[in-house]
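S.K.: have a look; sequence and predicted model below, questions after that.
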Amino acid sequence: MVKMNCADYKNALIETARALQAPPADLKSHLDTCAKCRADFASQRRLTEALRIVRADAATALPPPAAELLLLAEFNRVRRKPAPPVRYRIAAGALAASLLAGWAGWTLLERSPAPATKQSPVVIAARANSPAPPATTAPEVPKTVRPKRHKPALPPSPAPAETLAENDAPFVSIPFTAPLAPYERADVVRVELPVSALIAAGLPVRVPDPAARARADLLVSEDGRARAVRLISVSDSVSYRSIR
Amino acid sequence: MREPETIRDDELKRFRAGDREAFTAVYSAHYPAVFRFALHMTADSQKAAETAQDVFVWLIHHAEDYDPARGSLGAFLTGVARKFLQRRRYKEQRWVPFDETLADRDRRPEGPEPDTSDADRLRAAIAALPERYREVVALCDLEGKSYEEAAAALECAVGTVRSRLHRARDLLARKLQRKPEESKCEVRMTWSK
């Protein structure tokens, strides 16, 4: 049989004294033989009784009466507009960021053709009802399709606001620009510009109102220059002067 | 006052949704326990009221931070109160209270201190305990929480709570056994190790 010392009974002594219970048989037999543990047990019981008095006194201690009113006022102030959960806030932030990124990208795409139109004159050389012009479809623009400035090969332009075929019209190379190489990449950018700009560039465009607006696709090479153009539509509903 | 066990899940949900009555129910059920815990830790009813106020203002602003799966709301609020008390004690360490200055010490009455009861001496002894021992005495012996509940509030193991409580009771029992005038320096010498 293993002989137990005082340390082995320490936990049981304290737990029994905490509960103010009678010691179990093994602890009682040890307390009968050990004066030190018997004194410890008595002091622990005395401590438990004193702690119960302190506990009873603390139970009667009341919080200040204004505490609840202050907290309710704070609760009303905060809960007037309940904050959404964190996951909703994260989702809303992500949505806002994606919208902002999309808007920024759209703005960049819208602004990118502007310098190209300033750098290079745009030539209108395609119409849906006209015979096949001396031009090829994108991205290849042969050298031989460069139009001559003083000998327009196009018949008179149709009535204003006539819409041309979007996908069937071929691209026409822009004068005084180097044609695209076969291996060179190009982007198609849709722009809207006044017909007078095309005429000023020496292009054979015939419309009753030079202030009419034209929508066209530009073939922009990797260096950012417009190399070819195809006309999409011409409209006289917007006055050139009114835009200015 | 309601018992903390009577707080239902739907009341917690309604409190989070901004229901004033649900908040009143949570407040009525848990404020006294938080106040008493702060009172045991600070031995000052004004500080205890301020700490309990801070805890519930924090709860109003961070109601979503409580996860019922991790424990009871009472243990959660006790843990929050413990953090506020630690922060308060850290701030107070930088200041010297007036009653400990020399001028104030000179005004104390001469002669032996009056004999006090076990409860009065015990309050002073608890207030002088190291914080880690005072916490377990306040939760287990004065608030009647189980070892598991105290461990959840203190974020430590159950065995740690038990060993700290036994050590704290040893210190308090030795303090109670001695006379008031001799226990002061003795206990200070023991706990300053």
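M.R.: Yep, it's here.
S.K.: for the helix ranked longest in chain B, packing partners?
M.R.: In chain B, taking DSSP state H as the definition, the longest helix is helix B:20-42. Judged by 3 or more C-beta pairs under 8 Å, 6 or more residues apart in numbering or on different chains; DSSP states H and E, the packing partners of helix B:20-42 are helix A:35-60, helix A:66-79, helix B:9-16, helix B:45-61, helix B:73-92, helix B:131-136. Bear in mind the C-beta positions are built from the backbone N, C-alpha and C, glycine included.
S.K.: B:Arg178 is nearest to which of these?
M.R.: If you check each of the helices and strands packed on helix B:20-42 against B:Arg178 by C-beta to C-beta, helix A:35-60 wins as the nearest, at 10.6 Å.
S.K.: does chain B sit close to the closest one?
M.R.: Yes - using C-beta under 8 Å from any C-beta of the partner chain, helix A:35-60 comes into contact with chain B via A:40, A:43-44, A:46-51, A:53-55, A:57-59.
S.K.: so how do I select the buried members of these in PyMOL?
M.R.: With 16 or more other C-beta atoms under 10 Å in any protein chain shown as the criterion, this PyMOL line picks the buried residues out of those:
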select buried, chain A and resi 40+43+44+46+47+48+50+51+54+55+58
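S.K.: how about the helices in chain A?
M.R.: Per DSSP H, chain A carries helices over the ranges A:10-18, A:25-33, A:35-60, A:66-79, A:86-111, A:113-119, A:195-200, A:240-243.
S.K.: export these to JSON lines and tack on mean pLDDT?
M.R.: Shown next, in JSON lines, are those (pLDDT from 0 to 100):
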{"stretch": "helix A:10-18", "mean pLDDT": "90"}
{"stretch": "helix A:25-33", "mean pLDDT": "90"}
{"stretch": "helix A:35-60", "mean pLDDT": "89"}
{"stretch": "helix A:66-79", "mean pLDDT": "83"}
{"stretch": "helix A:86-111", "mean pLDDT": "84"}
{"stretch": "helix A:113-119", "mean pLDDT": "48"}
{"stretch": "helix A:195-200", "mean pLDDT": "76"}
{"stretch": "helix A:240-243", "mean pLDDT": "36"}
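S.K.: ok, back up a step: buried ones in the longest helix of chain B?
M.R.: Within helix B:20-42, the residues that count as buried by 16+ other C-beta under 10 Å are B:22-42.
S.K.: could the helices and strands packed on helix B:20-42 go into a markdown table alongside distance to A:Arg190?
M.R.: Below are these laid out as a markdown table (distance: least, C-beta to C-beta, whole Å):
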| stretch | distance to A:Arg190 |
| --- | --- |
| helix A:35-60 | 79 |
| helix A:66-79 | 51 |
| helix B:9-16 | 52 |
| helix B:45-61 | 52 |
| helix B:73-92 | 60 |
| helix B:131-136 | 72 |
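S.K.: show me the contacts for residue 37.
M.R.: This is for chain A. Going by C-beta atoms under 8 Å, 6 or more residues apart in numbering or on different chains, A:Cys37 touches A:6, A:9, A:13, A:30-31.
S.K.: look at chain B instead
M.R.: Residues counted as contacts of B:Phe37 (C-beta under 8 Å, 6+ apart) are B:78, B:81-82, B:138-139, B:143.
S.K.: which among these gets closest to chain A?
M.R.: B:Glu143 (7.8 Å; C-beta to the nearest C-beta).
S.K.: tell me the contacts of that closest one?
M.R.: Taking C-beta under 8 Å, 6+ apart, we find B:Glu143 in contact with A:55, B:33, B:36-37, B:40.
S.K.: and B:Ser28, what's its pLDDT?
M.R.: Note for B:Ser28: predicted pLDDT of 88.
S.K.: any idea how far B:Ala22 is from it?
M.R.: According to C-beta to C-beta, to the nearest Å, B:Ser28 stands 11 Å off from B:Ala22.
S.K.: again with A:Ala91
M.R.: A:Ala91 is 27 Å from B:Ala22, where distance means C-beta to C-beta.
S.K.: now swap in B:Leu172 and tell me
M.R.: Here the criterion is C-beta to C-beta. By it, B:Leu172 lies 40 Å from B:Ala22.
S.K.: now do A:Leu219
M.R.: According to C-beta to C-beta, A:Leu219 stands 67 Å off from B:Ala22.
S.K.: do B:His61 as well
M.R.: Separation of B:His61 from B:Ala22 (C-beta to C-beta): 16 Å.
S.K.: go on, B:Gly79?
M.R.: For B:Gly79, the distance to B:Ala22 equals 21 Å [C-beta to C-beta].
S.K.: try A:Ile174
M.R.: According to C-beta to C-beta, A:Ile174 and B:Ala22 sit 73 Å apart.
S.K.: swap in A:Leu108?
M.R.: From A:Leu108 across to B:Ala22, the span is 51 Å (C-beta to C-beta).
S.K.: got the CA coordinates for stretch A:218-231 in PDB?
M.R.: Provided in PDB are the C-alpha atoms of stretch A:218-231 (Å, rounded to 0.1, in the frame of the first residue of the first chain):
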ATOM      1  CA  LEU A 218     -10.200  53.300 -86.200                       C
ATOM      2  CA  LEU A 219      -7.600  50.700 -86.700                       C
ATOM      3  CA  VAL A 220      -5.000  51.700 -84.100                       C
ATOM      4  CA  SER A 221      -1.600  50.200 -84.300                       C
ATOM      5  CA  GLU A 222       0.700  49.300 -81.300                       C
ATOM      6  CA  ASP A 223       2.400  52.700 -81.500                       C
ATOM      7  CA  GLY A 224      -1.000  54.400 -80.900                       C
ATOM      8  CA  ARG A 225      -1.500  55.800 -84.300                       C
ATOM      9  CA  ALA A 226      -4.600  55.300 -86.400                       C
ATOM     10  CA  ARG A 227      -3.700  53.500 -89.600                       C
ATOM     11  CA  ALA A 228      -7.100  52.800 -91.200                       C
ATOM     12  CA  VAL A 229     -10.700  53.800 -90.800                       C
ATOM     13  CA  ARG A 230     -14.100  52.500 -91.700                       C
ATOM     14  CA  LEU A 231     -17.300  54.600 -91.600                       C
END
